[in-house]
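3D, please:
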Amino acid sequence: MHPFDIKAALLAKHAQHVVLIHFPIALFIVGVAFDFAAQWTKRQILAAAAYCNLLAAAVVTVPVLITGILAWQWQLEGQRLKGILLMHLILGCASGLLIWMVFFVHLRARGSHGRVLPGYRLPIEAITVALVTLTGHLGGFLSGVNGPG
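The predicted structure is shown next:
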């Protein structure tokens, strides 16, 4: 494939998932970093930045999950899931759910006037970052970036 062949890049059976996945990963990790910084410094602007990043990360998880399932169906012709692919799918779904859960915690606190964000969100955010990282690492093996794929 020629590096500037847009048609081939856009119509590759897995390309959309591989490209889109970077957005929720980056947005969520940066959102969590802003949230931790906002908690530490008590600056509302950082809390607002965290909220915006978490919202965007949650929204983008939807097309990422859809394109991941489509990549499995198209590229692997829907063959039975096993091994790293099965683990990647399970962890990806769990990551998506946790990202949405973290966002809803922020949304709920933001919707209530003067409501403080609960302290339990920080460990959940840290666990979700670790899960997202592990999911991405396994995805790297599937794509061939981290080794044979």
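
pull the longest helix from the chain.
In the chain, ranked by residue count with DSSP state H as the criterion, the top helix is helix 44-75.

Tell me the buried residues in that helix?
Buried residues in helix 44-75, counting neighbours by 16 or more other Cβ atoms under 10 Å, are found at 46-47, 49-51, 53-58, 60-61, 63-65, 67-68, 71-72. Quick note: C-beta positions are derived from backbone N, CA and C, even for glycine.

which residues in the protein form helices?
Along the chain, counting by DSSP H, helices occupy 6-11, 15-20, 22-41, 44-75, 83-111, 121-143.

Export the ones you listed as TSV, with columns for mean pLDDT.
Formatted as TSV, those follow (pLDDT from 0 to 100):
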stretch	mean pLDDT
helix 6-11	57
helix 15-20	78
helix 22-41	96
helix 44-75	91
helix 83-111	93
helix 121-143	91
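
Report the angle between the longest helix of the chain and helix 121-143.
Angle between the axes of helix 44-75 and helix 121-143 is 30 degrees (criterion: axes from the mean of the first three to the mean of the last three Cα atoms, to 10 degrees).

now the angle from helix 44-75 to helix 22-41?
160 degrees.

In terms of secondary structure, what does helix 44-75 contact?
Counting by 3 or more Cβ pairs under 8 Å, 6 or more residues apart in numbering; DSSP states H and E, the packing neighbours recorded for helix 44-75 are helix 15-20, helix 22-41, helix 83-111.

Not counting its own residues, what contacts stretch 77-87?
Contacts to stretch 77-87, defined as Cβ atoms under 8 Å, 6 or more residues apart in numbering, come from residues 72, 76, 89, 138, 141-142.

How about the backbone phi and psi for L76?
Note on L76: backbone dihedrals following degrees, to the nearest 10 are phi -100, psi 10.

neighbours of it, just the number please.
Other residues near L76 number 14, with proximity taken as other Cβ atoms under 10 Å.

With adjacent residues omitted, what lies nearest to it?
Nearest in space to L76, with sequence neighbours left out and distances taken as Cβ to Cβ, 6 or more residues apart in numbering, is L85 at 7.6 Å.

Then L98?
T128 (4.2 Å).

can you check G92 too?
T135 (5.1 Å).
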